[in-house]
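>>> please work out how this folds:
(one chain, ligands or ions: 1)
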Amino acid sequence: MAHFSYNDNQLTVEGCTLSAIADTYDTPCYVYSRASIEQSYQAYASALGAHPGMICYAVKANSSLAVLQVLAQQGAGFDIVSQGELQRVLAAGGSADRVIFSGVGKKAEEMRFALQQQIACFNVESAAELETLAQVAQAMGTTARVSLRVNPDVDANTHPYISTGLKENKFGVDIQTALDVYRRAASLDGIDVVGIDCHIGSQLTQLAPFMDALDRVLALMDQLAEEGITIRHLDLGGGLGVTYNNEQPPSPADYVGQVIAKLGDRAVALMFEPGRSIVANAGVLLTRVLYLKPTEHKNFAIIDAAMNDNIRPSLYQAWQRVLPVIAPEESEPTQQWDLVGPVCETGDWLAKDRALALHEGSVLALMSSGAYGFTMSSNYNSRTRAAEIMVDGDKHHLIRARETFADLVRGEQLLGSEDPS
Ligand code: LLP
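Coordinates of the predicted model:
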């Protein structure tokens, strides 16, 4: 996390200390580094260089408007999976002609909205979806640009919940039947076949699975060319991993470079849909220790962030580093602590067995929280969702206010109080 480091015992991000941010906005809160987001995006953009194509940031990783705004200003495209994400991109200043629409369950009305906005491409995930999209486009008198998501059946060697490219997963079209679906797509009014895509999983720390998938997709592309179906862009999805602990994922330059090398003389544009590798290490979750509860078996530190703020540890047993925002004196003894939240679930923990010197009131940073942190947060236990702050040099900006009770009950009604109209 290049933009986060200790300076005079204070954990800082760009030109701001995290302790000052905790004092200003209270905890729990997410804090992002603008420079870090920009740097990660540029690593992809410069890896692609002059090769035609687009880096479409996967909005699901972090969809806060200001994050999308920063990326739109860098020239990013966007990978969306719902109308809501498309509306966010547009609200943040992104342009629809740089948007691709992924996901297994697009509704007809979402397709209609996306067609009205003239998005770049739909990543179609099934034969049935293709038929619906064709009908929607025909009824509107327009044409949908389409790429078929193929499932290359490769093992991404990652957590089973975030592995998507195996036959038994719900995603994409089996590579054997893809040829038939392409033939059908090429014959349908309202459909313009432009691409091929795959996404095999997330948090991949090696290139081999990507390259295996690419081999299979290229073979299909060549077969399609023989049948006169020309593929103009190849989209390899997202999935490049990040360092949470001591993982050493390949760089975007290595990855994109190897992909370009494998294309040979095929004239095809390249698309990537990175999410985590753009934002994960650009953000932290700040939390404060409420109570220390040492027991015979374990030492619990009860903190003010919980599984509703970041569900990754509970859901995937994810490990994220914990750092104090003010480094303790070296002489201060550490103890092993489990960091647990106030939610009434045994699975409500953010870190286990960490050697820390803690006091009531200590502020801690849960590192690498920029991706799938806030976006997966919920109101469980009627907890208001956290504030979000963007640091830009020596300035910090509130980009999302902490929720209030009014936000919690918005849209709810007591029985008998319905509007009589
Ligand atoms: N494209 C598609 C079609 C995807 O399904 C995903 C992520 C991405 C791109 C972006 O992948 P990335 O570059 O972020 O790996 N909540 C989980 C991760 C779920 C990923 C879902 N799909 C986590 O916190 O680890």
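>>> just give the nearest non-adjacent residue to I389, would you?
The spatially closest residue to I389, leaving aside those adjacent along the chain, is V31, at 4.8 Å (Cβ to Cβ, 6 or more residues apart in numbering). Where you see a C-beta, it was placed from the backbone N, CA and C, and this is true even at glycine.
>>> and V284, by the same measure?
The shortest distance from V284 to any residue that is not its chain neighbour, by Cβ to Cβ, 6+ apart, is 4.2 Å, and that residue is A365.
>>> can you tell me the element the residue of the stretch 101-250 of the chain found nearest the ligand falls in?
The minimum distance from the stretch 101-250 of the chain to the ligand, using Cβ to the nearest ligand atom, falls at G238 (2.6 Å). In this structure, G238 sits in neither a helix nor a strand according to DSSP states H and E.
>>> whichever strand or helix holds the residue nearest to V284 and the ligand, are they touching?
Of the helices and strands defined by DSSP H and E, A365 is found in strand 363-366. No: using Cβ under 6 Å from any ligand atom, we find that strand 363-366 stays clear of the ligand, coming within 13.1 Å at best.
>>> what sits up against that strand?
Contact partners of strand 363-366, identified using Cβ atoms under 8 Å, 6 or more residues apart in numbering, comprise 4, 11, 18-19, 22, 27, 31, 284-289, 303, 305, 310, 320-326, 339, 350-351, 356.
>>> and those residues, which are buried?
Members of the contacts of strand 363-366 that pass the buried threshold by neighbour count (16 or more other Cβ atoms under 10 Å) are listed as 4, 11, 18-19, 22, 27, 31, 284-289, 303, 305, 310, 320-325, 339, 350-351, 356.
>>> and the residue nearest the centre of this structure?
The central residue of the chain, meaning the one whose C-alpha is nearest the mean C-alpha position (Cα atoms, centre = their mean), is A61 at 1.8 Å.
>>> dihedrals phi and psi, that residue?
When read as degrees, to the nearest 10, the backbone of A61 gives phi -70, psi -40.
>>> thinking again about what came up before, the residue nearest to I389: what secondary structure?
strand (DSSP: H, G, I helix; E, B strand; the rest coil).
>>> now do the contacts for it.
Residues in contact with V31 (Cβ under 8 Å, 6+ apart) are 13, 18, 21, 283-286, 365, 388-391, 396.
>>> M54 against V99, yeah?
No: M54 sits out of contact with V99 when judged by Cβ atoms under 8 Å, with a separation of 9.8 Å.
>>> can you list the residues of the stretch 201-350 of the chain near the ligand?
Residues of the stretch 201-350 of the chain lying near the ligand (Cβ under 6 Å from any ligand atom): 202-203, 237-240, 273-277, 312, 316.
>>> okay, those residues in JSON lines with neighbour count next?
Putting these into JSON lines (neighbours: other Cβ atoms under 10 Å) gives the following:
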{"residue": "S202", "neighbour count": "25"}
{"residue": "Q203", "neighbour count": "25"}
{"residue": "G237", "neighbour count": "28"}
{"residue": "G238", "neighbour count": "25"}
{"residue": "G239", "neighbour count": "30"}
{"residue": "L240", "neighbour count": "27"}
{"residue": "E273", "neighbour count": "26"}
{"residue": "P274", "neighbour count": "26"}
{"residue": "G275", "neighbour count": "25"}
{"residue": "R276", "neighbour count": "27"}
{"residue": "S277", "neighbour count": "28"}
{"residue": "R312", "neighbour count": "20"}
{"residue": "Y316", "neighbour count": "16"}
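>>> now those in CSV, with secondary structure and pLDDT?
Conversion of these to CSV gives the following (DSSP: H, G, I helix; E, B strand; the rest coil; pLDDT from 0 to 100):
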residue, secondary structure, pLDDT
S202, coil, 95
Q203, coil, 96
G237, coil, 97
G238, coil, 97
G239, coil, 96
L240, strand, 98
E273, coil, 98
P274, coil, 98
G275, coil, 98
R276, helix, 98
S277, helix, 98
R312, helix, 98
Y316, helix, 96
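>>> ok, so of the residues you listed, who is nearest E129?
Distance to E129, by Cβ to Cβ, is smallest for G237 among those, at 17.1 Å.
>>> just checking, that closest one touches G275?
No: using Cβ under 8 Å, G237 and G275 do not qualify as a contacting pair, with a distance of 9.8 Å.
>>> after the lowest-mean-pLDDT helix or strand in the chain, which helix or strand is next?
Using mean pLDDT, DSSP states H and E, strand 173-174 stands out as the lowest-scoring helix or strand of the chain, at a mean of 92. Toward the C-terminal end, the helix or strand that comes next after strand 173-174 (DSSP H and E) is helix 175-187.
>>> mind giving me the packing neighbours of that following helix?
helix 127-140, strand 144-151, strand 191-197, helix 208-226 (3 or more Cβ pairs under 8 Å, 6 or more residues apart in numbering; DSSP states H and E).
>>> gap between it and the chain center?
Counting by Cα atoms, centre = their mean, to the nearest Å, helix 175-187 is centred 29 Å from the centre of its parent chain.
>>> before we move on, back to that, for the contacts of V31, give me TSV that also has secondary structure.
Compiled in TSV, the contacts of V31 are given as follows (three-state DSSP):
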residue	secondary structure
V13	strand
L18	helix
I21	helix
G283	strand
V284	strand
L285	strand
L286	strand
A365	strand
E388	strand
I389	strand
M390	strand
V391	strand
H396	strand
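>>> hang on, the earlier thing: apart from its chain neighbours, what residue comes closest to the residue of the stretch 101-250 of the chain closest to the ligand?
Counting by Cβ to Cβ, 6+ apart, G238 lies nearest to E273, which is 4.2 Å off, once chain neighbours are set aside.
>>> right, and that neighbour touches I80 too?
No: the pair formed by E273 and I80 falls short of the contact definition of Cβ under 8 Å, at 9.9 Å.
>>> only the C-alpha atoms, please, for the strand holding A365, written as CSV.
The C-alpha trace of strand 363-366 is given here as CSV (Å, rounded to 0.1, in the frame of the first residue of the first chain):
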residue,chain,number,x,y,z
VAL,A,363,-7.8,3.7,16.5
LEU,A,364,-6.9,0.9,14.1
ALA,A,365,-6.7,0.7,10.3
LEU,A,366,-7.9,-2.4,8.6
